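Asker: quick one: sequence plus predicted model below, questions after.
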Amino acid sequence: MNTTSEDEILYCGDPQQAGALAALLEGYGLELILHPPGAALPGSWWGEPEAGIVGLQVHVRPDTPVHSALHEAGHTLCMDPARRATLHTNAGGDDLEECAVCYLQILLADALPGVGRERLMRDMDAWGYSFRLGSTAAWFHEDADDARRFLQRHGLIDAGDRLTGRARGD
């Protein structure tokens, strides 16, 4: 049951979230760029306040949802090095890679204090992510084997679903 409203979603403007998110991304060689309120976000596919990606930078503002920042970081990590080298706005990829990105963003949430996978999945539902089983949690627990295998095959997670700290192709 979704108990998180769009007003209660975790945002990057929370100083604890911004610092933890920056540290998490730095561990993967990514840089979090926090823009001021109302600023245009370079590389935002959906437009502000959604996060943007340009090269190895993830662009956010205080009103960018944490799930959006993790999603765009996930795109950067899941793509092959050739696409990553020219990345600007459009992550490209196929449906399987998109599923892997969603799965990875959920796992990455466990590394953020006060977030965790269950909270992130509620935020994703409140924001409007759509999965054929009706909720992010149902998809994650019952229908994401292909995404998990993608992440394992490309070295982003191990057999126990633990993050390896590597991007695809590293």
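Answerer: Right, received. Where do you want to start?
Asker: give the other helices and strands that the top helix by length along the chain contacts.
Answerer: If you go by DSSP state H, the chain has its longest helix at helix 95-109. Packed against helix 95-109, as judged by 3 or more Cβ pairs under 8 Å, 6 or more residues apart in numbering; DSSP states H and E, are the following elements: helix 66-78, helix 116-127, helix 136-142, helix 145-153. Where you see a C-beta, it was placed from the backbone N, CA and C, and this is true even at glycine.
Asker: want to throw the ones you listed into TSV with distance to residue 94?
Answerer: What follows is the helices and strands packed on helix 95-109, written out as TSV (distance: least, Cβ to Cβ, whole Å):
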stretch	distance to residue 94
helix 66-78	11
helix 116-127	20
helix 136-142	17
helix 145-153	10
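Asker: so residue 50 versus residue 27, what's the distance?
Answerer: For residue 50, the distance to residue 27 under the criterion Cβ to Cβ, to the nearest Å works out to 23 Å.
Asker: more neighbours, those two?
Answerer: Using other Cβ atoms under 10 Å, the more surrounded residue of residue 50 and residue 27 is residue 50, with 21 against 11.
Asker: next, the contact list for that one, please.
Answerer: Taking Cβ atoms under 8 Å, 6 or more residues apart in numbering, we find residue 50 in contact with 41, 44, 64-65, 68, 72.
Asker: again, only this time at 7 Å
Answerer: For residue 50, the contacting residues are 44, 64, 68, taking Cβ atoms under 7 Å, 6 or more residues apart in numbering as the criterion.
Asker: can you tell me the SS state at it?
Answerer: Classification of residue 50 by DSSP: H, G, I helix; E, B strand; the rest coil places it in coil.
Asker: the one helix or strand in the chain whose mean pLDDT sits lowest versus helix 95-109: what angle between them?
Answerer: Least confident helix or strand, the chain: helix 15-26 with a mean of 94, by mean pLDDT, DSSP states H and E. With axes from the mean of the first three to the mean of the last three Cα atoms, to 10 degrees as the criterion, the two stretches helix 15-26 and helix 95-109 enclose an angle of 130 degrees.
Asker: so what touches helix 15-26?
Answerer: Contacts of helix 15-26 from elsewhere in the structure, counted by Cβ under 7 Å, 6+ apart, are 10, 12, 31-32, 34, 58, 66, 69, 73, 108, 111-114.
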